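In: How does the following fold in three dimensions:
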Amino acid sequence: MFGRRRGSETAGSAGSHTSATLTLPHTARLLSCRVLDTVHQPVRRAAFEVTDPIGRPVVSGETDPYGGFTAAVPEGEYRLTVTAEGYAPFHGATLLGDAAPAGTAEIILDAVEPPLLPAPGHWEIDPGHSSIAFTARHIGFARIRGRFTTFAGAVRIADRMEDSSMHVIIDTASIDTGLRMRDEHLRSADFLDAARHPTVEFYSERFIHRSGSRWAVAGALTLRGTSRSVTLDTEYLGLGTGMEGEPRAACRATAGLHREDFALDWQSVLAGGIAAIGSAVDVSLDVQVVRKA
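Out: Residues are numbered from 1 along each chain as shown. Next comes the predicted model:
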């Protein structure tokens, strides 16, 4: 069994004013763990995933405010992965059965240093190594996945990262969902109105450090001439060097949009049988920036 174990605890023991009884099927076993850092403080909201020996998911979730989680599973062999922002991932194995020791296992996560930030100066997005994609519900059907194929952007890295700024410009007509009729309609006045509004723009002057390599990039997104506040949930991936020796930095970012916020309220169904796009749109960016000479 991974980690160290402490003796079993009973709900409603000393110091508790409530009691509870958990009744399990006779074939079930409890997997109970507490995730701590190296000074034995609980790691809250650490993600855990339990899989079978060939990697099929069994149960997953997040640790509670005390760093703990408990899962009821059939007896057998399992693999456990625990990840948390700012810590090295944990991988372990356990065998749960009648002979397995009782109690709660302690998992200790080692802290890792966040990646170095890019040097102050002017950087620009490399479109050849970046992507701007989106996913939207196709009403009554599966999800639509698409992307914008033409875009540009600049990032000014300040001496203090929180004072940095960025500006991204997207060619509205470059939308591509893999279906010509749908793309033509998305470019029309019913949706993006590319003829009158040829660009989608995002501008930010607020870089907010959350923890480890996690940042929030808050700014204004302008679409169809309407601007709304949008925050990119951003994971900074670190620095690297390109094939020609140029410095590069990379990040991933996501945001959730609602098309009604930008006056995109088309609800009809096309004659060709193409249903409307749902309200929620998830945007994802994989971005590399290069230092401007």
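In: Specify the beta-bridge partners of the residue positioned nearest the centre of the chain.
Out: Nearest to the mean C-alpha position of the chain, by CA atoms, centre = their mean, lies Thr254 at 6.5 Å. Beta-bridge pairing for Thr254 (DSSP bridges): Asp233, Ser284.
In: wouldn't it be in contact with Val287 here?
Out: No. Taking contacts as CB atoms under 8 Å, Thr254 lies outside contact range of Val287: 11.8 Å. Using the backbone N, CA and C atoms, a C-beta is placed for each residue, glycine as well.
In: how about Arg291, what does it touch?
Out: 118-119, 121-123, 246-248 (CB atoms under 8 Å, 6 or more residues apart in numbering).
In: so what's Tyr203 up against?
Out: Taking CB under 8 Å, 6+ apart, one finds 165-168, 219-220, 222 in contact with Tyr203.
In: would you list these in JSON lines and tack on secondary structure?
Out: Shown next, in JSON lines, are the contacts of Tyr203 (DSSP: H, G, I helix; E, B strand; the rest coil):
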{"residue": "Ser165", "secondary structure": "strand"}
{"residue": "Met166", "secondary structure": "strand"}
{"residue": "His167", "secondary structure": "strand"}
{"residue": "Val168", "secondary structure": "strand"}
{"residue": "Gly219", "secondary structure": "strand"}
{"residue": "Ala220", "secondary structure": "strand"}
{"residue": "Thr222", "secondary structure": "strand"}
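In: returning to what we had before: could you list every residue that touches the residue nearest to the centre of the chain?
Out: Counting by CB under 8 Å, 6+ apart, Thr254 has contacts 232-233, 282-285.
In: One more: Ser213?
Out: 85-86, 114-115, 235-238.
In: cool, and Val289?
Out: Taking CB under 8 Å, 6+ apart as the test, what Val289 contacts is 118, 123-126, 153, 155, 248-250.
In: which of the residues you listed lies closest to Arg228?
Out: Closest to Arg228 out of the contacts of Val289 is Gly153 (18.6 Å), distances taken as CB to CB.
In: I figured the closest one hits Met166, correct?
Out: Yes. Counting by CB under 8 Å, Met166 is a contact partner of Gly153 at 6.5 Å.
In: Return the member of the contacts of Arg291 nearest to Leu179.
Out: Arg248 (33.8 Å).
In: in which helix or strand would I find the closest one?
Out: strand 247-258 (DSSP states H and E).
In: Put the alpha carbons of that strand into CSV.
Out: This file holds the C-alpha atoms of strand 247-258, laid out as CSV (Å, rounded to 0.1, in the frame of the first residue of the first chain):
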residue,chain,number,x,y,z
PRO,A,247,13.7,32.4,-26.7
ARG,A,248,10.1,31.1,-26.5
ALA,A,249,7.4,30.9,-23.8
ALA,A,250,4.3,28.8,-23.8
CYS,A,251,0.9,28.8,-22.1
ARG,A,252,-2.5,27.2,-22.2
ALA,A,253,-5.7,29.1,-21.5
THR,A,254,-9.4,28.5,-21.3
ALA,A,255,-12.5,30.7,-21.0
GLY,A,256,-16.3,30.1,-21.0
LEU,A,257,-18.4,32.4,-23.2
HIS,A,258,-22.2,32.9,-23.6
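In: Ignoring the adjacent residues along the chain, who's closest to Trp215?
Out: Leaving out its chain neighbours, the residue that sits closest to Trp215 by CB to CB, 6 or more residues apart in numbering is Thr234, at 4.5 Å.
In: Please name the residues that touch that neighbour.
Out: Per CB under 8 Å, 6+ apart, neighbours of Thr234: 214-217, 251-253.
In: And it, how close does it get to Asp171?
Out: Remark: distance between Thr234 and Asp171 (CB to CB, to the nearest Å) = 23 Å.
In: ditto for Leu192
Out: 11 Å.
In: now swap in Ser188 and tell me
Out: For Ser188, the distance to Asp171 - CB to CB - is 16 Å.
In: Which parts of the stretch 151-293 of the chain are helices?
Out: 180-187 (DSSP state H, counting those that start in this stretch).
In: Any stretches of it with poor pLDDT?
Out: Scanning the stretch 151-293 of the chain for pLDDT under 70 picks out 259-279.
In: can you check the stretch 1-150 of the chain too?
Out: For the stretch 1-150 of the chain, the stretches flagged by pLDDT under 70 are 1-22, 98-103, 137-142.
In: domains for the protein, by residue range?
Out: 4-108, 121-291 (automatic domain parsing).
In: so which of these is the most packed in?
Out: domain 121-291 (a mean of 16; mean count of other CB atoms under 10 Å).
In: and the residue nearest to Ser229 when sequence neighbours are not counted, bridged to which residues?
Out: Distances taken as CB to CB, 6+ apart place Ala220 nearest to Ser229, at 6.2 Å, with adjacent residues excluded. Bridge pairing for Ala220 (DSSP bridges) gives the partners Tyr203, Ser229.
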